[in-house]
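>>> Here is a sequence together with a model predicted from it:
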Amino acid sequence: MQLFRQPSNSIHNKGWVHKNTLISGTIAVAALGGLGGIFFWRHHSTTPAAPATASVSVQADTVNNAHLLDGQWGYLPGSFRENDGVTIRAAQFAIVNQDGTGGQPNPAINIYGTHIEAASDIAVTAKMQNLHGPASVRLYGQLPVIADEFRVERKSVQATVDGSKLTVSLWDGKKQDPATTQQADIPGDVSDNRDLTISHQNGKFQFAIAGQQLIEISDSKVVSDGNVWFGFDATNTDWFLADLSATGLNGKTFKNVDASTEAITSTITDALQQLANKKRPDFTIGAAMALGPAVSDASYAQVALGGQFGAVTPENAMKWQFTEPVRGLYTFQEADALVSLAQRHNMKVQGHTLVFGEANPTWLQQLPADQLEQAMVDHIRITVDHFKGKIASWDVVNEPFDDDSWDELRPTIFYKAMGASYINKAFIAAHDADPNAQLFMNEYGLEEDGSRWDNFLAMVTKMKQDNVPIDGVGFQAHVYESGDKINPTVLRKHIQQLAAIGVKARISENDVYSEGGSTNQANEYRDVLNACLAEPNCISWTTWGVSDKYDYFKDDDGSIQTGEDFLWNDKLQPNKAVQAIQSILR
């Protein structure tokens, strides 16, 4: 019986070069502090924890006041670092629904850069200039979690200046909508320059413009952890952040931290990648990761970056709606940050993904059909060229086959505009941009015999015969519910069939439901990894997440839930599956 395996991209959370005559090429790299500052702007059930000695070190200074813009801001999405401040672009960041409609706001946060720790009583002042539309400053006590199709709001507070109005919203981490929203008139003449101060002391937030307090609200423990991350938004037009400063109140100090200096040191002797290196030196153990947990959660970082994995797959940061939210506006900064983390920890990067029927920005979905091919080719070439030499492989086309008919191509906007030829065109464009990157097709449901596999194999075979530069196929290998079991014998046969036509394979998104018990979960993981390891052309195994702590999904009623599908539980302790994988690799 053929079982439907829902794709992870449907359920699980699973820089722009400024076109300026003064900054170009290598001058831009030097002036903006490395890759993170480059922008593209172009119009057109568990077992006891194994002993671990991984530790996190981050550059931090304990201070009473700081000019925060002196720190790292090159990885703030949708911004342009200049000598005298930061331009906040109206990038229209949003996360679209699976069907391409809607768009939950996803304003930018300086995750991989300057933030504050060990803070209690503190005042933050932002000098906001050139205000010609709503402009927001947001302080995060906890970073949100970005899933495939939604953003999980945690603790934060936001102030929005819009002409003569100041609007304040507070999220307490208990629900997705603000727990409190207040508005006040800003006295005096409407100006395009505003000094906004957000202070926290005596259990309250106070909001002032030009030193005059306008709003006061209880904080609901928003900054109870002592962390403050900085986010900004420009709704309609760009604005300029001329200065951002922080001062400890009542004699208090805080730590001024640069997350981009983070380093994980580890002496773990049974880490998964270390074991794989001994068993099969050419084999890679990987995991899908998101920037927020990797930077803000030390326990997560120890597991994700401390030697267990040899490769990172960006969970969402390289999808089209994150990298080109407005046509011609390329915002690679968050993806740059993940690449930087991977390089810092000697990990490969598996690029995910260039062309996909989902996760596309609204402008792309609304583009006339006769413009889609050029938009697709431009996006691929600019994206692949930006990361050239830093990406080991790309998922060039993700999930090309349909969910409903199962064995036909999905009727995406690309298929409707170009027919099946969009797939070949995408691979050719990616190869032209980086001939050394390995190019993969990524799909779910390939682990079963039947028409879906037969048609997929026929398509890949034809691509090879036509000299289309496809190097490999990613088997997603999701196991989502009882009865949904991958037959390792069938999986091996399919991998062997790819080898016969000169195509590599990898397990690209393996995760396993836990309702059948931890032993069953461990066995499912073990069987898939064993099948891959047994075949020389299967080059890597990647799980679609690290810890259940960040395994978010939306239930049928729209409520946000957490699953238990990954190798480490929500306490960052290893599940039985880790022991099973260690046993195989030994």
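Looks like it arrived, so ask away.
>>> Grab the nearest non-local neighbour of residue 185.
residue 164 (5.9 Å; C-beta to C-beta, 6 or more residues apart in numbering). Using the backbone N, CA and C atoms, a C-beta is placed for each residue, glycine as well.
>>> That neighbour and residue 188: what is the separation?
Distance from residue 164 to residue 188, counting by C-beta to C-beta, to the nearest Å: 9 Å.
>>> where along the stretch 351-500 of the chain do the strands fall?
Along the stretch 351-500 of the chain, the segments classed as strands by DSSP state E, counting those that start in this stretch run 393-398, 438-443, 472-475, 478-479.
>>> now the last one, how far from the centre of its chain.
So the one you mean is strand 478-479. Computed by C-alpha atoms, centre = their mean, to the nearest Å, the chain-centroid distance of strand 478-479 equals 21 Å.
>>> name the helices or strands packed onto that strand?
The contact analysis (3 or more C-beta pairs under 8 Å, 6 or more residues apart in numbering; DSSP states H and E) places strand 478-479 against strand 504-512.
>>> Now the element after the strand it packs on, going C-ward?
Sequence order places helix 518-533 as the next helix or strand after strand 504-512, per DSSP states H and E.
>>> Now do the following helix or strand past that following helix, average pLDDT.
Using DSSP H and E, the helix or strand that follows helix 518-533 towards the C-terminus is strand 538-543. Throughout strand 538-543, pLDDT has a mean value of 98.
>>> for this structure, what's the longest helix?
helix 369-386 (DSSP state H).
>>> if we can go back for a sec, now render the strands of the stretch 351-500 of the chain as CSV, adding distance to residue 377 and mean pLDDT.
Compiled in CSV, the strands of the stretch 351-500 of the chain are given as follows (distance: least, C-beta to C-beta, whole Å; pLDDT from 0 to 100):
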stretch, distance to residue 377, mean pLDDT
strand 393-398, 12, 98
strand 438-443, 15, 98
strand 472-475, 22, 98
strand 478-479, 30, 96
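>>> For those, give me a markdown table that also has distance to residue 175.
Formatted as a markdown table, the strands of the stretch 351-500 of the chain follow (distance: least, C-beta to C-beta, whole Å):
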| stretch | distance to residue 175 |
| --- | --- |
| strand 393-398 | 32 |
| strand 438-443 | 34 |
| strand 472-475 | 36 |
| strand 478-479 | 29 |
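>>> Please dump these into a markdown table; it should also carry distance to residue 496 and mean neighbour count for every row.
Below are these laid out as a markdown table (distance: least, C-beta to C-beta, whole Å; neighbours: other C-beta atoms under 10 Å):
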| stretch | distance to residue 496 | mean neighbour count |
| --- | --- | --- |
| strand 393-398 | 21 | 26 |
| strand 438-443 | 17 | 24 |
| strand 472-475 | 12 | 25 |
| strand 478-479 | 21 | 25 |
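>>> Mind checking those for the one nearest to residue 240?
strand 393-398 (35.7 Å; C-beta to C-beta).
>>> could you measure the residue nearest to residue 185 against residue 242, distance?
Distance, residue 164 to residue 242, by C-beta to C-beta: 21 Å.
>>> Neighbour count: the two, which is higher?
Ranked by neighbour count (other C-beta atoms under 10 Å), residue 164 and residue 242 place residue 242 first, with 17 against 13.
>>> What lies in contact with the helix or strand that the more buried one is a member of?
Taking DSSP H and E as the criterion, residue 242 maps to strand 239-248. The contact list for strand 239-248 (C-beta atoms under 8 Å, 6 or more residues apart in numbering) reads 63-69, 84-88, 116, 119, 121-133, 135, 228, 230, 232, 254, 256.
>>> and if we set it to 6 Å?
The contact list for strand 239-248 (C-beta atoms under 6 Å, 6 or more residues apart in numbering) reads 64-69, 85-88, 122-127, 129-131, 135, 254.
>>> filter the residues you listed to the buried ones?
Among the contacts of strand 239-248, those classed as buried by 16 or more other C-beta atoms under 10 Å are 66, 68-69, 85-88, 122-127, 129, 131, 135, 254.
>>> quick one: which of the residues you listed sit in helices?
Assignment to helices by DSSP H places none of those there.
>>> And residue 121, how close does it get to residue 442?
Residue 121 is 49 Å from residue 442, where distance means C-beta to C-beta.
>>> swap that for residue 163, please
Residue 163 sits 47 Å away from residue 442, going by C-beta to C-beta.
>>> Repeat that for residue 461.
Per C-beta to C-beta, residue 461 is found 17 Å from residue 442.
>>> cool, and residue 233?
Residue 233 is 32 Å from residue 442, by C-beta to C-beta.
>>> Inside strands: which ones of the buried ones among the contacts of strand 239-248?
Among those, the residues falling in strands (DSSP state E) are 66, 85-88, 122-127, 129, 135, 254.
>>> Take the strand holding residue 242, keep the C-alpha atoms, and write them as PDB.
Extracted in PDB, the C-alpha atoms of strand 239-248 (Å, rounded to 0.1, in the frame of the first residue of the first chain):
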ATOM      1  CA  TRP A 239      14.200  55.200   7.300                       C
ATOM      2  CA  PHE A 240      17.600  55.800   8.900                       C
ATOM      3  CA  LEU A 241      18.900  54.700  12.300                       C
ATOM      4  CA  ALA A 242      21.500  57.300  13.200                       C
ATOM      5  CA  ASP A 243      22.300  55.900  16.600                       C
ATOM      6  CA  LEU A 244      21.400  53.200  19.000                       C
ATOM      7  CA  SER A 245      22.600  53.400  22.600                       C
ATOM      8  CA  ALA A 246      21.900  51.600  25.800                       C
ATOM      9  CA  THR A 247      22.400  52.800  29.400                       C
ATOM     10  CA  GLY A 248      22.100  50.900  32.700                       C
END
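>>> Name every strand pairing with that strand and say which way it goes.
strand 65-67 (antiparallel), strand 85-88 (antiparallel), strand 122-129 (antiparallel) (DSSP bridges).
>>> Nearest to residue 579, out of those?
Comparing the strands paired with strand 239-248 by C-beta to C-beta, strand 122-129 comes nearest, at 44.3 Å.
>>> Give me the residues contacting that closest one.
With C-beta under 6 Å, 6+ apart as the criterion, strand 122-129 contacts 135, 137, 193-200, 240, 242-249.
>>> pLDDT of stretch 366-379, averaged?
98.
>>> and that stretch, which residues are buried?
So stretch 366-379, judged by 16+ other C-beta under 10 Å, has buried residues 367, 372, 373, 375, 376, 377, 378, 379.
>>> What of stretch 191-209?
In stretch 191-209, counting by 16+ other C-beta under 10 Å, buried: 194, 196, 197, 198, 199, 200, 201, 205, 206, 207, 208, 209.
>>> try stretch 461-472
Quick answer for stretch 461-472 (16+ other C-beta under 10 Å): 461, 463, 468, 469, 470, 471, 472.
>>> before we move on, what about stretch 223-242?
The neighbour-count check on stretch 223-242 (16+ other C-beta under 10 Å) flags 223, 227-234, 238-242 as buried.
>>> okay, these in TSV with pLDDT next?
Output for the buried residues of stretch 223-242, formatted as TSV (pLDDT from 0 to 100):
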residue	pLDDT
223	94
227	96
228	98
229	98
230	98
231	98
232	98
233	98
234	97
238	97
239	98
240	98
241	98
242	98
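>>> the domain parsing of the protein - what is it?
The chain breaks down by automatic domain parsing into domains covering 59-258, 276-585.
>>> ends of the longest one, how far apart?
The separation between the terminal residues of domain 276-585, taken as C-alpha to C-alpha, to the nearest Å, is 6 Å.
>>> Leaving aside the residues adjacent along the chain, what's closest to the residue located most distally from the centre of the chain?
Distance from the C-alpha centroid of the chain, by C-alpha atoms, centre = their mean, peaks at residue 188 (42.2 Å). Distances taken as C-beta to C-beta, 6+ apart place residue 210 nearest to residue 188, at 7.6 Å, with adjacent residues excluded.
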